[in-house]
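1. Structural data only, the sequence is not supplied:
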């Protein structure tokens, strides 16, 4: 797939979570991008990584887009985890509210 187009479109289908993580691990430094942009020679004489970095240097907010893709990939799993935690808290609160023993204990403590 055309990685540049996939990143620009935030296409979850084209880039899986492992690919996004790999791209994030290899985000070029600003100095590297500036050197490549200043390169005046034949682009075909550059190595594959340099040509790739030159291509992605035209993507606005490249790193932020990758981070957004990473978040979008993990969003459903995170929601599931939060829902499970909320359900556990809800059950715990229901147990506290329905506890006759706790009610008697509080009545005794507050009466003193």
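-> Okay, I see it. All figures in this text were calculated on a predicted structure; none of them were measured in a lab.
2. Show me what secondary structure element comes after whichever helix in the chain runs longest.
-> Counting by DSSP state H, the longest helix found in the chain is helix 62-97. Next along the chain after helix 62-97, taking DSSP states H and E as the criterion, comes helix 100-111.
3. before we move on, the earlier item: could I get the buried residue list for the longest helix of the chain?
-> 62, 65-66, 69-70, 73 (16 or more other CB atoms under 10 Å). (Each C-beta comes from the backbone N, C-alpha and C, glycine too.)
4. Let me know the average pLDDT across it.
-> Mean pLDDT, computed over helix 62-97, is 95.
5. Against which helices or strands is it packed?
-> helix 3-8, helix 17-25 (3 or more CB pairs under 8 Å, 6 or more residues apart in numbering; DSSP states H and E).
6. and with 10 Å instead?
-> When contacts are defined as 3 or more CB pairs under 10 Å, 6 or more residues apart in numbering; DSSP states H and E, helix 62-97 sits against helix 3-8, helix 17-25, helix 48-56, helix 100-111.
7. Check the gap between the most centrally placed residue in the chain and residue 12 for me.
-> Centroid-nearest residue in the chain: residue 71, 2.8 Å away (criterion: CA atoms, centre = their mean). Using CB to CB, to the nearest Å, residue 71 is found at 11 Å from residue 12.
8. which neighbours do those two share?
-> residue 20 (CB atoms under 10 Å, 6 or more residues apart in numbering).
9. coming back round to it: nearest to residue 25 among the buried residues of helix 62-97?
-> residue 66 (9.9 Å; CB to CB).
10. what comes into contact with stretch 83-92?
-> The contact list for stretch 83-92 (CB under 10 Å, 6+ apart) is empty.
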